[in-house]
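Trainee: Below is the sequence, then the predicted model.
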Amino acid sequence: MLIFFITNNKLFIVSNMIEFRLDDLLWERRKTAEEVRIATSISAATISNIRNGKNTNISIKTLDKLCNYFNCSVSKILEFVPKNKV
């Protein structure tokens with residue numbers, strides 16, 4: 001969703017984004033994508049898509065598996081990051 005607004009004769013485009021933090025979590029926990037795949041039964045393609053930001057339709061089941069594996073909340077895997085452009 002894009003939101004446009006004008007202030008001080010400048011056009012601002014605000015795009016709200018959800019960013020995946022799986023790579024950060026893998027690095028922080030010293031785990032590989034292969035270890036996660038084996039332990040969670042999440043496909044290699046799904047893990048790759050999440051890591052590369054290509055998967056915008058992640059299932060609750062997949063999120064649940066990742067949270068259980070890493071013993072973390074969803075906010076460690078997904079982050080809302082507002083994007084501002086001038």
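Mentor: Yes, it's here. Numbering: from 1, shown residues only.
Trainee: contacts and neighbour counts: CA atoms only from here.
Mentor: OK.
Trainee: okay, the residue nearest the centre of the chain: pLDDT?
Mentor: Per CA atoms, centre = their mean, the C-alpha nearest to the average position across the chain is that of residue 20, at 1.3 Å. Residue 20 carries a pLDDT score of 87 in this model.
Trainee: What residues does it make contact with?
Mentor: Applying CA atoms under 8 Å, 6 or more residues apart in numbering, we find residue 20 in contact with 50-51, 53, 77-79.
Trainee: On the strand side of things, show who it bridges to.
Mentor: Residue 20 has these beta-bridge partners by DSSP bridges: residue 78.
Trainee: starting at the chain centroid, how far to stretch 26-33?
Mentor: Centroid separation for stretch 26-33 versus its chain: 15 Å, with CA atoms, centre = their mean, to the nearest Å.
Trainee: immediately after the strand or helix carrying residue 28, which helix or strand?
Mentor: Counting by DSSP states H and E, the element that carries residue 28 is helix 22-29. Following helix 22-29 in sequence order, the next helix or strand is helix 33-40 (DSSP H and E).
Trainee: Next, the buried residues of that following helix.
Mentor: Of all the residues in helix 33-40, those buried under the rule 16 or more other CA atoms under 10 Å are 33, 36-37.
Trainee: and what of stretch 20-33?
Mentor: Judged by neighbour count (16+ other CA under 10 Å), stretch 20-33 contains these buried residues: 20-23, 25-26, 33.
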